[in-house]
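Chemist: Let's see this in three dimensions:
(one chain, ligands or ions: 1)
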Amino acid sequence: MSGCGMSWENDGRNAYRHSRDHIEKRKTHCHKYNNTKNNHTKGMGVLLIMNNSMKLMLEMSQGSKLFVCQGDITKLDVDCIVNAANRSLLGGGGVDGAIHRAAGPGLLQECRTLHGCETGQAKITKGYNLKATYVIHTVGPVYSGKTKDAELLANCYWNSLELAQEHGVRSIAFPAISTGVYGYPKKAAAAIVVETVQQWMKEHEAYVIEVILCGFDRQTCELYEQFLS
Ligand code: APR
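Modeler: Below is the predicted model:
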């Protein structure tokens, strides 16, 4: 087995093959998981292969997938990336700043037409100079330690996925919303993220989508992996 780039026959179906250009596009250290935890991806067979710094799965059937990737979300070649914005939607630091810088001035111009966004809600724009076709802007809670925080954070992911489905998005990447400037403890946030995304996938079985949890740091990725496994 030579690692990725191999083709694989299995009960008459060709596995979906990860060609090198597909991997190049990702340009991130990417651990991929099939979200079979709730066994909602029926008939999913997977094969784990190791290739240098990447662990990839050769999916042998359709079904939604949940990935963990480490890297810069603005570099991902996906239909949609999610921005951890503030209520003004007029840009900021952190991933918000990175996305606006990478997308260019057109993004801010369109954001100005949206007249802000409430915490836990989500709004969509084009991606402009990004590889992503869309940017979904959502506003995470500023961590306060109140029980409401968890609900608002979960709403960010749920409402972003609802909006993605409305626009036919088939691959979406999330940063670790609220775990930077907004101070949400990473471990608590990671648990909410994994549970919310898996629950959404379970309730939307007919809608096949790839969801990428894009951690900027290794700790965030390890927390996602911990809750996924
Ligand atoms: N790619 C992926 N993740 C990133 C990137 C990037 N290029 N840059 C930062 N991150 C990560 C951070 O490491 C953190 O884990 O995004 C996560 C969210 O951090 P913030 O960007 O600070 O977002 P948040 O905590 O939700 O605070 C939002 O910060 O930038 C302002 O305008 C924004 O007021 C809003 C607030």
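Chemist: Please report phi then psi for Ala188.
Modeler: Backbone geometry at Ala188, expressed as degrees, to the nearest 10, gives phi -60, psi -40.
Chemist: mind checking how far the residue nearest the centre of the chain is from the ligand?
Modeler: Nearest to the mean C-alpha position of the chain, by Cα atoms, centre = their mean, lies Ala173 at 2.5 Å. Separation of Ala173 from the ligand (Cβ to the nearest ligand atom, to the nearest Å) stands at 8 Å. The way it works is simple: take the backbone N, C-alpha and C, and place the C-beta from them, glycine included.
Chemist: Report the secondary structure state of that residue.
Modeler: strand (DSSP: H, G, I helix; E, B strand; the rest coil).
Chemist: wait, it sits on Gly215?
Modeler: No. The pair Ala173 / Gly215 is not scored as a contact, 10.6 Å apart, by Cβ atoms under 8 Å.
Chemist: What parts of the chain come near the ligand?
Modeler: Neighbours of the ligand within the chain, by Cβ under 6 Å from any ligand atom: 72-74, 84-86, 92-98, 140, 175-182, 214, 216-217, 220.
Chemist: Name the residues of stretch 127-144 that are buried.
Modeler: Neighbour counts over stretch 127-144 (16 or more other Cβ atoms under 10 Å) mark 127-128, 130, 132-141, 143 as buried.
Chemist: so where is the chain shaky, pLDDT-wise?
Modeler: Residue ranges of the chain with pLDDT under 70: 1-62.
Chemist: Strands of this protein, residue ranges please.
Modeler: 9-10, 13-14, 29-34, 48-51, 54-57, 65-70, 80-85, 122-126, 134-139, 171-174, 210-215 (DSSP state E).
Chemist: State the number of residues packed around Gln226.
Modeler: By the criterion of other Cβ atoms under 10 Å, Gln226 has 12 neighbours.
Chemist: now do Glu203
Modeler: Glu203: 11 surrounding residues under other Cβ under 10 Å.
Chemist: Now the common contact residues for Ala173 and Gly215.
Modeler: Both Ala173 and Gly215 are in contact with Cys69, where contact means Cβ atoms under 8 Å, 6 or more residues apart in numbering.
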